[in-house]
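In: Pasting a predicted model and its sequence here:
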Amino acid sequence: MNASNTSDAYVTSTITPGDTFNVHFDNLNSISGERDTYFHANLIHDWIKDIDSSFNGADYIMPAAVNIGSEDALWPCNAYWDGYGINMFSAGGGCSATDQMADVIYHEYQHGITQFAYDPFDSPYTSGMGEGLSDYTGMTLRNSPCLGDAFFGTPGGCLRNGENTLQYPGDECGGSVHCLGQLSMGSLWQMRKNLITAFGDTAAAVAHSDSLFRFAMVGRPYTVPDLLIEVLTADDNDGNILNGTPYFQEIIDGFDQHNVPSPLPAFGILHSPIQNMETAADPIDIEAIILSLNSTISSAEVVYSFGAVEISTAMAPGNEPNEYIATIPAQPPGSVITYYIHAVDVDGNEYFSPETAPDIHHFFLIGDLASFPVLFSDDSESDQGWTLGIASD
């Protein structure tokens with residue numbers, strides 16, 4: 001702790017070897033800004049280590065300057081991270097002392113965490129996410145969407161609020177990073193609220209929200225849509241966010257409140273078409289992820305054909321979120337199978353795969369080349385009256 005405009009905190013005493021000496025700081029040997037900054041800086045350090053014990057970027061004796069006054073051109077109403085330590089200001093200009101504001105201390109310390117998490121690359125500054133990530137930390141550790149309560153001296157007056165309604169891309173911010181930061185911190189705060197509702201256990205929900213926040217930084221996102229992808233990736237449990245994640249809806253809704261575009265289509269069918277195969281002794285599985293984020297899928301079917309007659313079979317929900325499965329009976333070599341997937345949600349919206357269905361279908365063959373009759377062949381070794389290519393070729 002480095003205190004400006006006063007002597008640094010101190011304790012002097014004579015101690016007998018082997019005795020226990022309890023250090024006590026009060027107004028006689030320290031100032032409030034020293035004590036508060038020391039306590040809360042250590043609290044956030046322990047918080048991030050509890051979430052991710054492997055994170056060691058802030059494992060050093062970090063300098064903390066407190067009670068900074070007019071000797072700093074940025075005083076008053078400020079605080080900042082300087083790349084190595086935090087700098088907290090004394091009261092002045094109608095503003096409270098930031099070295100005595102827990103959430104402002106958390107905010108500045110998080111700038112350091114973000115710097116170390118993104119190292120050796122730059123922190124996400126221009127998108128405002130650097131400020132947004134710091135704002136979220138201040139809010140979640142105080143369990144309040146009101147960041148900087150009484151910053152301007154009036155209790156209940158927030159510097160910024162997690163309950164904001166700013167919409168992506170935030171053009172009205174004019175590039176102001178503190179304004180743009182409301183997109184990421186507002187999305188994260190709403191996600192946190194959604195998780196609390198889903199979990200029914202506030203402590204567990206907050207722990208999960210904070211974990212998603214921390215591990216989303218591993219991907220070093222630079223935009224808010226990228227942050228959403230990284231949060232979903234952190235929540236994912238099977239290596240495929242296309243089939244949803246355990247708390248997909250809670251996360252998506254949090255970001256959707258701020259018009260942040262989803263990395264997944266808002267609706268549609270995700271399906272990898274069946275490839276040609278030499279044999280099909282067993283029924284052939286048709287699998288798809290069917291999404292209707294604004295509604296609920298009421299029915300899904302596979303329509304297939306071995307010839308002129310089309311057959312419909314219902315798709316049943318699979319084991320993964322939004323997954324549907326149906327089977328086509330095994331067929332002998334020489335078979336040509338066409339199929340498409342058709343789904344309807346409760347609002348009556350229809351979805352197809354391929355999107356050209358029912359006019360154009362997926363298709364695949366069963367068998368090797370010998371299984372199919374050769375109706376015509378021309379190896380171009382002898383003249384059969386064909387003209388190869390076109391004049392301009």
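Out: Arrived safely.
In: Name the surrounding residues that touch the longest strand seen in the chain.
Out: Longest strand in the chain by number of residues (criterion: DSSP state E): strand 335-345. By Cβ atoms under 8 Å, 6 or more residues apart in numbering, the surrounding residues in contact with strand 335-345 are 267, 269, 271, 274, 280, 284, 286, 288, 290, 292, 295-306, 315, 324, 328, 331, 350-354, 357-358, 361-367. No exception for glycine: its C-beta is placed from N, CA and C like everyone else's.
In: between the one helix or strand Ser298 maps to and strand 335-345, how many degrees?
Out: Assessed by DSSP states H and E, Ser298 sits inside strand 297-305. With axes from the mean of the first three to the mean of the last three Cα atoms, to 10 degrees defining the directions, strand 297-305 sits at 160 degrees from strand 335-345.
In: Quick check: which ranges of the stretch 101-250 of the chain have low pLDDT?
Out: Low-confidence segments of the stretch 101-250 of the chain (pLDDT under 70): 242.
In: correction: the stretch 251-393 of the chain
Out: In the predicted model of the stretch 251-393 of the chain, residues 264-266, 293-294, 387-393 satisfy pLDDT under 70.
In: quick one: the strands in it?
Out: Assigned by DSSP state E, counting those that start in this stretch, the stretch 251-393 of the chain shows strands spanning 267-270, 284-292, 297-305, 310-314, 316-317, 323-328, 335-345, 350-353, 362-366.
In: Those into JSON lines, with extra columns for mean neighbour count and distance to Phe199?
Out: Shown next, in JSON lines, are the strands of the stretch 251-393 of the chain (neighbours: other Cβ atoms under 10 Å; distance: least, Cβ to Cβ, whole Å):
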{"stretch": "strand 267-270", "mean neighbour count": "18", "distance to Phe199": "27"}
{"stretch": "strand 284-292", "mean neighbour count": "20", "distance to Phe199": "24"}
{"stretch": "strand 297-305", "mean neighbour count": "18", "distance to Phe199": "25"}
{"stretch": "strand 310-314", "mean neighbour count": "12", "distance to Phe199": "34"}
{"stretch": "strand 316-317", "mean neighbour count": "12", "distance to Phe199": "24"}
{"stretch": "strand 323-328", "mean neighbour count": "19", "distance to Phe199": "24"}
{"stretch": "strand 335-345", "mean neighbour count": "20", "distance to Phe199": "27"}
{"stretch": "strand 350-353", "mean neighbour count": "18", "distance to Phe199": "31"}
{"stretch": "strand 362-366", "mean neighbour count": "18", "distance to Phe199": "40"}
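In: Select, out of those strands, the one closest to Lys193.
Out: strand 284-292 (23.5 Å; Cβ to Cβ).
In: Tell me the spatial nearest neighbour of the residue most central in space within the chain, not counting adjacent residues.
Out: The geometric centre of the chain, computed from its C-alpha atoms, lies nearest to Val231 (Cα atoms, centre = their mean), at 2.1 Å. In this structure, Val231 finds its nearest non-sequential neighbour in Ala216, 4.6 Å apart by Cβ to Cβ, 6 or more residues apart in numbering.
In: What about the one you found, how many residues nearby?
Out: Neighbour count for Ala216, taken as other Cβ atoms under 10 Å: 23.
In: wait, isn't it in contact with Asp235?
Out: No - here Ala216 lies out of contact with Asp235, judged by Cβ atoms under 8 Å, at a distance of 9.1 Å.
In: Show residues contacting the strand holding Ser298.
Out: 286, 288, 290, 310-315, 324, 326, 328, 337-346, 357-358, 361.
In: What strands flank it, and is each parallel or antiparallel?
Out: Its sheet considered, strand 297-305 pairs with strand 310-314 (antiparallel), strand 335-345 (antiparallel) by DSSP bridges.
In: Just give the number of residues close to Ser377.
Out: 6.
In: what are the ranges of the strands in the stretch 101-250 of the chain?
Out: With DSSP E, counting those that start in this stretch as the criterion, the stretch 101-250 of the chain has strands at 146-147, 160-161.
In: any chance of the strands of the stretch 251-393 of the chain in JSON lines, with distance to Ser7 too?
Out: Shown next, in JSON lines, are these (distance: least, Cβ to Cβ, whole Å):
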{"stretch": "strand 267-270", "distance to Ser7": "66"}
{"stretch": "strand 284-292", "distance to Ser7": "63"}
{"stretch": "strand 297-305", "distance to Ser7": "69"}
{"stretch": "strand 310-314", "distance to Ser7": "79"}
{"stretch": "strand 316-317", "distance to Ser7": "69"}
{"stretch": "strand 323-328", "distance to Ser7": "66"}
{"stretch": "strand 335-345", "distance to Ser7": "70"}
{"stretch": "strand 350-353", "distance to Ser7": "71"}
{"stretch": "strand 362-366", "distance to Ser7": "79"}
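In: Fine by me, we can end here.
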